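Chemist: quick one: sequence and predicted model below, then my questions.
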Amino acid sequence: MAGRPPWAALLALLVLPVLPRRAAAGCAARGLCCPGRDQACRSAGWRPDGSRGPCYCDQACARTLDCCHDYARACPVIPCVVSQWSVWSGCAEPCKTTYRVRRRHIIQEPRNGGEACPPLEERAGCVEYWTQQGTECKQSLIPALITTGGFGKARKRRAAADGNERAGYCVEFQLVAITPGCLHSHHSYTRWMQYLREGHTVCVECQHPALDSRSLHCYGDGSGSKKNQLLHWQAVGNPRCRGTWKRIRQLDTCSCPSVHSFLFI
């Protein structure tokens, strides 16, 4: 009696386990790919661990380890893509220290656990010295930006070289309030801030080129301010070093010690 060759039974055993895999639905067959956690985003078939049964095609399945076998292929990770930054805007308001803005927009939203979008807006400090009508702001409204008086020697040399130096002046102020950031300046170019002390009188010189050609004043010198009016200042090179002072008087030349002599920027 003719029988089947012995290898036929073995072949049948090898083929049988493949049949259920052909019937496995997975994510691609059902067109499923859901954000977040979604219990309804379910299919049936093989899971990555080789077991068979209900499986999911939502973003949370990667954490709960119950994805369908083809989840990674059917739902590839897509990160957020944003545009380049726009140009900086103008100052939010004239005649005061405010901010300017630049923005970017989303070109591609993240999907399937892709990296989230970065911030779409940035702000930076800004001072505008002219109103929208083109008139100059009152000097007392503008915070004074100051630096060490030692910077003045090099600036005077440059001004003399181009022949554009104009006569400046000096303003005495009494320091009223100082932020702790002035004492925490460790760089060599910020050590001068450690000499600022509440109650002390300081001299701030207005030199070319900080001297405005139209107003003949340095911004923030407090001209036009009322007696004992608190005015704001900020140290250049350390935005954490700032405070208030009161204008005492204006002089042609400064008479303060060098450690208490500064410059308008």
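Modeler: Yep, it's here.
Chemist: chain neighbours aside, what residue packs nearest to the spatially most central residue of the chain?
Modeler: Using CA atoms, centre = their mean, the residue of the chain that lies closest to the mean C-alpha position is residue 122, 5.1 Å off. What sits nearest to residue 122 in space, not counting adjacent residues and going by CB to CB, 6 or more residues apart in numbering, is residue 102, at 5.4 Å. The C-beta positions use only the backbone N, C-alpha and C, and glycine is treated the same way.
Chemist: does the residue lying closest to residue 265 once chain neighbours are set aside belong to a helix, a strand or coil?
Modeler: Excluding its sequence neighbours, the residue lying closest to residue 265 (CB to CB, 6+ apart) is residue 145, at 4.3 Å. The three-state label given to residue 145 by DSSP: H, G, I helix; E, B strand; the rest coil is strand.
Chemist: where does the closest residue in space to residue 222 that isn't next to it in sequence sit, in terms of helix or strand?
Modeler: Nearest residue to residue 222 in three dimensions, chain neighbours excluded: residue 247, at 3.9 Å (CB to CB, 6+ apart). Applying DSSP states H and E as the criterion places residue 247 in strand 242-251.
Chemist: so what are the sheet partners of whichever helix or strand comes after that strand and their directions?
Modeler: For strand 242-251, the following helix or strand on the C-terminal side (DSSP H and E) is strand 261-264. Strand 261-264 has its sheet partners listed here by DSSP bridges as strand 144-148 (antiparallel), strand 201-206 (parallel).
Chemist: give me the neighbour count for the residue nearest to residue 131 when sequence neighbours are not counted.
Modeler: Using CB to CB, 6+ apart and skipping residues adjacent in sequence, the residue nearest residue 131 is residue 94, 4.8 Å away. Around residue 94 sit 18 other residues, with neighbours defined as other CB atoms under 10 Å.
Chemist: thanks a lot, see you next time.
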